[in-house]
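Visitor: the sequence and its predicted three-dimensional model are supplied below.
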Amino acid sequence: VQLQASGGGLVQPGGSLRLSCAISGLSLDTNNFGWFRQAPGKERERVSCSSSDDGSAYYADSVKGRFAISRDNAKNTVYLQMSGLKPEDSAVYYCAADSSLATIDRPHYWGQGTLVTVSS
């Protein structure tokens, strides 16, 4: 199983980025996926997750209305579209997967991180 995150970079405040998580060895149909982030000196937090049962998406209050999680089963890829970026969104972003949404905060699989820096 491999989760490969990409798409991070430097963006100005108010800008947008789309993170991708290419997945191999797991079915998108039967697994739940999440995006997490960790800023220097801070705890890791869940930004968003997507349910395999009905496709429901959940977001941290800090990103609601600005971020959107989606999945492309044909490409075996999960995305995080981020817009209206703020400096406080700067962090290393990780994708993760688990067969149970109930345990998505302790996921069985982690991808490597991709760094997002929001700065002028």
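Guide: It's in.
Visitor: how about stretch 43-58: buried residues?
Guide: Within stretch 43-58, the residues scored as buried using 16 or more other CB atoms under 10 Å are 46-50, 52. All C-beta spots, glycine's among them, are computed from the backbone N, C-alpha and C.
Visitor: chain neighbours aside, what residue packs nearest to G84?
Guide: Of all residues not flanking G84 in the chain, R66 sits nearest, at 4.3 Å (CB to CB, 6 or more residues apart in numbering).
Visitor: distance of the one you found from S24?
Guide: Per CB to CB, to the nearest Å, R66 is found 29 Å from S24.
Visitor: neighbour count: the two, which is higher?
Guide: When neighbours are counted by other CB atoms under 10 Å, R66 and S24 differ, and R66 comes out ahead with 15 against 9.
Visitor: how about M82, what does it touch?
Guide: Taking CB atoms under 8 Å, 6 or more residues apart in numbering as the criterion, M82 is in contact with 16-19, 63, 66-67, 89, 116.
Visitor: name the nearest of these relative to V78.
Guide: Ranked by distance to V78 (CB to CB), the contacts of M82 are led by L19 at 8.8 Å.
Visitor: show me what the helix or strand containing the closest one is packed against.
Guide: Assignment of secondary structure by DSSP states H and E places L19 within strand 17-24. Here strand 17-24 touches strand 2-6, strand 32-38, strand 77-82, strand 91-98, strand 114-118, going by 3 or more CB pairs under 8 Å, 6 or more residues apart in numbering; DSSP states H and E.
Visitor: would you turn the buried residues of stretch 43-58 into a markdown table with pLDDT?
Guide: As requested, the buried residues of stretch 43-58 are arranged in a markdown table below (pLDDT from 0 to 100):
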| residue | pLDDT |
| --- | --- |
| R46 | 97 |
| V47 | 97 |
| S48 | 97 |
| C49 | 95 |
| S50 | 93 |
| S52 | 87 |
